[in-house]
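A.B. asks: attaching a predicted model along with its sequence, questions to come.
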Amino acid sequence: MTNKIARRLTRYFVLALLLFAMVVGILFSLMFARHTADVTRRDLLAHADSIAQTFAHFTQECEEGECRGGGFKAYMRYIGDAAMSDLYLLDARGENVTLGDMQPPEKQPTQQALALAERVFESGETADSGFSLNPFHTGEMMVCAPVPDEQGGVKYALVMCMPVDSVAHTLQDAFYMLTACLGISMAIAIGASGVLSRRFVNPLHRMLHAATQMAQGDYSVKTHLAQNDEIGVLAAQIDVLADRLDEAQRERNRFDQLRQDFLTDISHELRTPISVLIGSIELLKEEMIKDPEQRRQYFEQLYTDANHLQRLVGDLLELGRLQNTQFNIEMDTINLIDVLADSVRFMRQKAAEKRVNICQETATPFAVLGDYGRLRQMMIILMDNAIKFSPEGAEVCMEIRRKENVCEVSVVDHGCGIAKEELEHVFDRYFHNRSRKNRGGTGLGLPIAREIAIRHGVAISCSSKVNEGTRFTLVFTEHPMEEA
């Protein structure tokens with residue numbers, strides 16, 4: 001794109017200006033020629049009428065025996081020289097008329113002059129041959145005026161033939177001047193279009209540079225263009241795109257790090273129980289443990305580790321299924337309050353083991369469209385998380401707020417809370433809180449809860465303050481109950 005656009009813009013601009021100048025020049029030439037022709041025609045007709053009246057006076061004197069041929073002859077010569085025209089005085093037969101001692105003209109009238117005189121004798125009015133002008137026209141203009149007699153009729157016809165060379169020269173001068181102006185305008189246009197095209201192309205070069213840098217992975221580049229036009233808007237959008245790509249790059253790096261940490265944790269979570277399982281099984285297989293009580297403890301440890309492995313694998317499979325859009329969930333109209341009550345009953349035993357009290361607000365039935373088991377699983381995950389991070393003797397509450405066709409359910413604990421920098425990542429797939437209270441966790445519970453909420457069109461959010469507690473909020477939309 002080095003200079004191609006600039007050259008193309010210059011070429012288009014010059015061609016457009018040239019076309020415009022040509023159209024204007026042609027129209028101007030036509031208007032000027034037409035105006036000049038009209039003015040010349042009117043002047044010739046007026047002169048012809050005036051001269052015809054004078055000739056009428058001369059012819060009347062000649063008929064009365066007072067003809068002054070020498071004077072008439074001098075007048076004819078004077079009029080012809082002054083008007084730069086050839087004069088013919090024709091009778092009805094188309095022959096030259098001589099008065100007194102006038103000699104007949106050296107030139108004989110043309111056929112066009114004779115036809116024009118015939119028209120005048122027939123109509124009794126001044127006539128012209130009709131003509132148009134252009135800068136390169138050659139020929140003559142011809143008008144014919146009637147010379148009246150005493151009764152008002154047409155006695156003779158006066159024909160004036162004027163060469164158009166002088167008028168054509170005027171038009172040629174105008175044409176040459178217009179051509180010169182056009183050449184000067186073209187030179188100015190080429191220079192101006194070059195400057196303007198560079199001003200138009202330079203921002204494109206800067207945007208191209210920014211796009212090239214972005215294609216190479218540098219998302220910190222900026223166009224630094226501030227123009228109040230479409231190019232400025234495009235440059236601003238490129239800057240926004242660079243910011244978002246930079247943000248996405250940082251997020252991807254963070255996500256990759258989380259995934260790497262998660263895989264490391266999962267590997268550790270799998271390796272440790274498996275190592276313990278293998279070691280314990282070898283001891284039991286070789287019958288090296290004779291004490292029944294010790295054997296019982298080994299079996300309990302094997303059972304605990306196997307359950308942990310089963311839970312880890314189950315969570316991984318569950319999250320994969322929920323994130324698969326082709327995985328169908330059975331949706332029915334159910335009572336949300338029943339789901340909440342069932343979840344609380346299920347978690348009371350675990351809460352009692354930690355001496356945590358669960359309180360649930362009462363509410364009237366609220367119908368939603370969803371999968372009973374999945375919604376119950378989501379609520380159990382949130383309550384299990386609240387119990388896990390609550391101190392002994394604390395309280396976990398399930399608050400229910402109804403507003404028209406919306407039900408807001410919150411699971412609130414008064415535990416250690418979540419740090420601000422970790423709060424926005426609690427629903428991330430590979431995020432894992434490494435606190436002592438979460439050693440047995442897989443880091444997949446909250447991502448599973450979020451996926452269940454998404455599949456049911458439920459808004460889920462979290463707010464927390466360190467050492468004060470955490471609140472998970474779900475917003476359900478009411479679904480009309482199906483008629484039995």
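C.D. replies: All right, it came through fine.
A.B. asks: CA atoms for contacts and neighbours, from now on please.
C.D. replies: Will do.
A.B. asks: so the residue nearest in space to the middle of the chain versus residue 237, what's the distance?
C.D. replies: Centre of the chain computed as the mean C-alpha position; nearest residue by Cα atoms, centre = their mean is residue 230, 7.8 Å away. From residue 230 over to residue 237 the distance is 11 Å, taken as Cα to Cα, to the nearest Å.
A.B. asks: and residue 279, by the same measure?
C.D. replies: 61 Å.
A.B. asks: any regions of the stretch 101-250 of the chain where pLDDT drops low?
C.D. replies: Applying pLDDT under 70 to the stretch 101-250 of the chain flags residues 101-107, 130-139, 164-171, 194, 197, 200.
A.B. asks: where exactly do the helices run in it?
C.D. replies: Assigned by DSSP state H, counting those that start in this stretch, the helices in the stretch 101-250 of the chain fall at 111-123, 165-215, 230-285.
A.B. asks: tell me which of those helices is the most buried.
C.D. replies: helix 111-123 (a mean of 18; mean count of other Cα atoms under 10 Å).
A.B. asks: can you give me the strands for the chain?
C.D. replies: 86-90, 127-128, 140-148, 154-163, 332-335, 357-360, 367-370, 395-403, 406-413, 459-465, 469-477 (DSSP state E).
A.B. asks: identify the residues contacting the last one?
C.D. replies: By Cα atoms under 8 Å, 6 or more residues apart in numbering, the list of residues contacting strand 469-477 from outside reads 368, 382, 386, 405-418, 457-464.
A.B. asks: again, only this time at 6 Å
C.D. replies: 406-417, 458-464 (Cα atoms under 6 Å, 6 or more residues apart in numbering).
A.B. asks: what is the burial count for residue 23?
C.D. replies: When counting by other Cα atoms under 10 Å, one arrives at 12 neighbours for residue 23.
A.B. asks: relative to residue 33, how far out is it?
C.D. replies: To residue 33, residue 23 is 15 Å away according to Cα to Cα.
A.B. asks: before we move on, what about residue 340?
C.D. replies: Plainly put, residue 340 is 97 Å away from residue 33 if you go by Cα to Cα.
A.B. asks: cool, residue 217 as well?
C.D. replies: From residue 217 over to residue 33 (counting by Cα to Cα), the distance is 68 Å.
A.B. asks: dump the strands of the chain to TSV, plus mean neighbour count and distance to residue 112.
C.D. replies: Listed next are those as TSV, based on neighbours: other Cα atoms under 10 Å; distance: least, Cα to Cα, whole Å:
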stretch	mean neighbour count	distance to residue 112
strand 86-90	24	12
strand 127-128	20	10
strand 140-148	25	9
strand 154-163	24	10
strand 332-335	17	105
strand 357-360	16	119
strand 367-370	22	103
strand 395-403	17	104
strand 406-413	21	102
strand 459-465	17	100
strand 469-477	20	100
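A.B. asks: which stretches of the stretch 251-400 of the chain have low pLDDT?
C.D. replies: Low-confidence regions of the stretch 251-400 of the chain, defined here as pLDDT under 70, cover residues 258-259, 261-266, 268-270, 272-273, 308, 311-312, 315-327.
A.B. asks: for residue 86, see how far away residue 97 is.
C.D. replies: On the measure of Cα to Cα, residue 97 and residue 86 end up 14 Å apart.
A.B. asks: if you could redo that for residue 398, that was the one I meant.
C.D. replies: Applying Cα to Cα to residue 398 and residue 86 gives a distance of 120 Å.
A.B. asks: got the domain ranges for this structure?
C.D. replies: 4-174, 230-322, 328-477 (automatic domain parsing).
A.B. asks: and the second one, how far out from the chain middle?
C.D. replies: Spelled out, that is domain 230-322. With Cα atoms, centre = their mean, to the nearest Å as the basis, the distance from the averaged C-alpha position of domain 230-322 to the chain average is 47 Å.
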